[in-house]
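> Turn this into a model:
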Amino acid sequence: MSKRNKTGHIGEPKTAWRRIMDRSGLSELIFNDLRRTLGSWQARGGASLVMIGKSLTHNTPEATAIYARLDMDPVRQSMGSVASAMFESGGVKATAQVIAMPTAPKKANQALKRGASKA
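Residues are numbered from 1 along each chain as shown. Reported below is the predicted structural model:
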């Protein structure tokens, strides 16, 4: 049984983690994989680096900076908005609404990858 701290949470997860790994049949997964997955999902969900760092109990912003590269959508959106405003302001062109392109079904993507690997 894993030891619990004063609040009732598992204080040292090594024993619990070992038990989970044994029962699941997984052998290559390490505890920090879950932490990295959490941080990655938070970044993709739009969480700030400060929030991600707090969630992962990082001591420095540098430790959290790796997650900044995972969500470039806000950067692209900001750049697109500013570029449109600049063009419109300069009379170069009217603003355009950017729409998302539909994604191909998974089977079509797999077929394209197979075709590319044969070339």
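
> Centre-most residue in the chain?
residue 40 (2.9 Å; Cα atoms, centre = their mean).

> now what about the helix or strand containing it, what contacts it?
Assigned by DSSP states H and E, residue 40 belongs to helix 31-44. Residues from elsewhere that reach helix 31-44 (Cβ atoms under 8 Å, 6 or more residues apart in numbering): 13, 17, 51, 52, 55, 56, 64, 66, 67, 68, 70, 71. C-beta here means a position set from N, CA and C on the backbone, and glycine is covered the same way.

> what about burial for the residues you listed, which qualify?
Among those, the ones that count as buried by 16 or more other Cβ atoms under 10 Å are 17, 52, 56, 64, 67, 71.

> just the residues you listed: which has the poorest pLDDT?
Lowest model confidence among these falls on residue 71, which carries 69.

> Which phi and psi values does residue 87 adopt?
phi -60, psi -40 (degrees, to the nearest 10).

> For it, grab the count of nearby residues.
Per other Cβ atoms under 10 Å, the neighbour tally for residue 87 reads 14.

> cool, and residue 33?
Residues lying near residue 33 (other Cβ under 10 Å) number 10.

> For the contacts of helix 31-44, give me TSV that also has secondary structure.
What follows is those, written out as TSV (DSSP: H, G, I helix; E, B strand; the rest coil):
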residue	secondary structure
13	coil
17	helix
51	helix
52	helix
55	helix
56	coil
64	helix
66	helix
67	helix
68	helix
70	helix
71	coil
